[in-house]
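# My questions concern the predicted model and sequence given below.
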Amino acid sequence: MKLAEALINRKQLKDKIKTIENNLLQEIRVPEDENVEAEVNESMTVLNNTYFELEDINKRIHKTNYETIVDGERLSDIILKRDIIKSKHFSKNGILIRAKTRERYTADDIKYKVTINVLDLKQEVNQLAAKFREFDVKIQQENWKVDLMEWG
């Protein structure tokens, strides 16, 4: 199985867990005359087994990311860099949006000034977005090349 397929499987397992949890939340408290204990117990068993599968696939994904070297660097380190860039982009883009927002609606309203260089910040936000895409493409390409490793 390729790493990319394992990532898809992991997403499906997480979705399955959410579905089971939502179903259990509906069945946890029912009228006294309803007998759903067998279904609840079966759902709990499936939930536990699904968590076991999720743990196994996560271990294998993390091991594969750690041991895979791309351009002299661990794939896990490349993922970390991409995630930091994504966080920086989100943060700085929020600041940029706030800086560009006009809040003066009438002549009587308080006049505000922007305390940062909007053009420089816009350029930095665009550079972060481009860098994120560069890392993401590299990661996605590698995900379809690399076989998922066994744990242990």
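Here it is on my side, so go on.

# Tell me the spacing between Asn117 and Arg10.
According to C-beta to C-beta, to the nearest Å, Asn117 stands 42 Å off from Arg10. (C-beta placed from N, C-alpha, C; glycine too.)

# can you pull out the helices in the protein?
3-27, 37-67, 75-100, 118-145 (DSSP state H).

# could you say what helices and strands the second one packs with?
Helix 37-67 sits against helix 3-27, strand 73-74, helix 75-100, with contacts defined as 3 or more C-beta pairs under 8 Å, 6 or more residues apart in numbering; DSSP states H and E.

# okay if I get those as TSV plus distance to Thr64?
Listed next are the helices and strands packed on helix 37-67 as TSV, based on distance: least, C-beta to C-beta, whole Å:
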stretch	distance to Thr64
helix 3-27	5
strand 73-74	11
helix 75-100	8
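
# Using JSON lines, lay out those together with mean neighbour count and distance to Trp144.
Shown next, in JSON lines, are the helices and strands packed on helix 37-67 (neighbours: other C-beta atoms under 10 Å; distance: least, C-beta to C-beta, whole Å):
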{"stretch": "helix 3-27", "mean neighbour count": "14", "distance to Trp144": "5"}
{"stretch": "strand 73-74", "mean neighbour count": "13", "distance to Trp144": "18"}
{"stretch": "helix 75-100", "mean neighbour count": "15", "distance to Trp144": "13"}
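
# Thanks a lot, catch you later.
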